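Engineer: the sequence and its predicted three-dimensional model are supplied below.
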Amino acid sequence: MHIETYAHGRAGLLGNPSDGYYGKTISLLVRNFRARVIIYPSAKLEIKAGKADLPVFESLEDLYETTRWRGYYGGFRIILALLVRLSDYCREKGITLPNRNFTLEYESTVPLRLGMGGSSAIVTAALRGLIQYYDLKIPTEEQPNLVLETETKELGVAAGLQDRVIQSYEGLVYMDFSREFMDKQGYGNYERLNPSLLRDVYVAYRTSLSEGTEVFHNNVRERWRNKDPEVVEAMQTWASYAERGRQALLDGDRAKLHELIDANFDLRARLYQLDQGNLEMIQLARSTGASANFAGSGGAIVGLYEGEEMFARLVAALAPAGIAVIKPQICA
């Protein structure tokens, strides 16, 4: 038995960061980046370290470049956390896992700490592999929760369901995390949208390390728990942007979608003190006529462009600042 599974990067188009606050979001898969997991039987249970986990480098320059791209943590700890969480999940559900050891190998091209779902891609790919290996029947709608709990319960990372939902469902998804759904069924209402509704979209990202999602969200969550009116209202507004964005997609109203994408970021800029480098990304992208919003927690942006000439201007404007621009591959 040789199992190979994948999960991909993602970009939050609208509604972010309301997913952890009973909000609504629209997110798209970015197949340009992927995490890959291989599982096969072995005498002992072994997790093989990925490149970012190894303390051996070709040179100081190799160490520097690897750390700037991967961050200070690899995937080893989150795979350990997944195995612990999956074991607890099976006990809670009365599932007995067979006594069958394995070796798990992983690799990932998803940039970590750039708000593109790098950590959750590794966990999602590993979970898919383990579901196959143990022949588990875990409903698709429950899998994002399991991935999220791996990071929140086991590692103490503040995060929401958005990344895990899009990486489980793939494509283009509208997500409603309203309290009525979350309290009643434990997960949101997830609607797959036709990816062809979203054309001429770009993703741009820094080729160096950004602030991690957990750093970004900590203060927000504390203020929300304290019912800070400004934060509560912002979460409701972001949710409305996603709801209106869904309708704009269905109506083919790109002007409205462009407006909402910009408004999503502008609200964030009013609410938080943002890193100058992240502000620069937005400003440079918008200077070409494109819309621009954070794809996640910072370090990557997403937006609409109109035609190849504008895309070329985007690439030319962002490249001198060390920012790469891609056309996301949403479908296989």
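Structural biologist: Now that the structure is in, tell me what you want to look at.
Engineer: any buried residues in stretch 276-294, and which?
Structural biologist: 277-278, 281-282, 284-286, 288, 290-294 (16 or more other Cβ atoms under 10 Å). C-betas here are computed from N, CA, C, even on glycine.
Engineer: in helices, which of those residues fall?
Structural biologist: Within these, residues falling in helices by DSSP state H are Gly277, Asn278, Met281, Ile282, Leu284, Ala285, Arg286.
Engineer: name the nearest of the residues you listed relative to Tyr187.
Structural biologist: Tyr187 has its nearest neighbour among those in Asn278, at 30.5 Å by Cβ to Cβ.
Engineer: ok so, going back, the buried residues of stretch 276-294: which two are farthest apart?
Structural biologist: By the measure Cβ to Cβ, Gly277 and Ser291 form the most distant pair in those, at 19.3 Å.
Engineer: by residue count, what's the longest strand in this structure?
Structural biologist: strand 24-41 (DSSP state E).
Engineer: any figure for the gap between the residue sitting nearest the centre point of the chain and Arg221?
Structural biologist: Ranked by distance to the mean C-alpha position of the chain (Cα atoms, centre = their mean), the top residue is Gly117 at 2.7 Å. According to Cβ to Cβ, to the nearest Å, Gly117 and Arg221 sit 19 Å apart.
Engineer: packing partners of the top helix by length along the chain?
Structural biologist: Ranked by number of residues, the top helix in the chain under DSSP H is helix 229-251. Using 3 or more Cβ pairs under 8 Å, 6 or more residues apart in numbering; DSSP states H and E as the contact test, the elements touching helix 229-251 are strand 3-14, strand 24-41, strand 172-176, strand 189-193, helix 213-225, helix 254-271.
Engineer: that one to helix 254-271, inter-axis angle?
Structural biologist: Using axes from the mean of the first three to the mean of the last three Cα atoms, to 10 degrees, the direction of helix 229-251 lies 170 degrees away from that of helix 254-271.
Engineer: got the contact list for helix 229-251?
Structural biologist: Contacts to helix 229-251, defined as Cβ atoms under 8 Å, 6 or more residues apart in numbering, come from residues 13-18, 21-26, 174-175, 191, 193, 197-198, 220, 223-224, 253-254, 256-257, 260-261, 263-264, 267, 271.
Engineer: ok so, going back, what comes up buried for the longest strand of the chain?
Structural biologist: Neighbour-count burial for strand 24-41, with 16+ other Cβ under 10 Å as criterion, is recorded at 24-39.
Engineer: tell me how this structure divides into domains.
Structural biologist: Domain assignment for the chain by automatic domain parsing gives 3-193, 195-326.
Engineer: quick one: mean pLDDT over the first one.
Structural biologist: Rounded to a whole number, the mean pLDDT of domain 3-193 is 92.
Engineer: that domain: end-to-end distance?
Structural biologist: 29 Å (Cα to Cα, to the nearest Å).
Engineer: how far away from the center of its chain is that domain?
Structural biologist: Remark: domain 3-193 is offset 9 Å from the chain centroid, using Cα atoms, centre = their mean, to the nearest Å.
Engineer: gap between Phe181 and Leu250?
Structural biologist: Taking Cβ to Cβ, one finds Phe181 at 21 Å from Leu250.
Engineer: out of these two, which sits in the busier spot?
Structural biologist: The neighbour comparison of Phe181 against Leu250 (other Cβ atoms under 10 Å) goes to Phe181, with 16 against 12.
Engineer: just checking, Thr103 is part of a strand?
Structural biologist: Yes: assignment of Thr103 by DSSP: H, G, I helix; E, B strand; the rest coil places it within a strand.
Engineer: so it sits right up against Ile39, yeah?
Structural biologist: Yes: the pair Thr103 and Ile39 passes the contact test of Cβ atoms under 8 Å, sitting 7.2 Å apart.
Engineer: mind listing what the closest residue to Val201 other than its chain neighbours touches?
Structural biologist: Leaving aside its sequence neighbours, Val201 sits nearest to Leu304 (Cβ to Cβ, 6 or more residues apart in numbering; 5.8 Å). By Cβ under 8 Å, 6+ apart, Leu304 lies in contact with Asp200, Val201, Tyr202, Arg254, Leu257, His258, Ile261, Ala290, Ser291.
Engineer: helix or strand: which one has the third one?
Structural biologist: Which is Tyr202. Assigned by DSSP states H and E, Tyr202 falls within strand 201-206.
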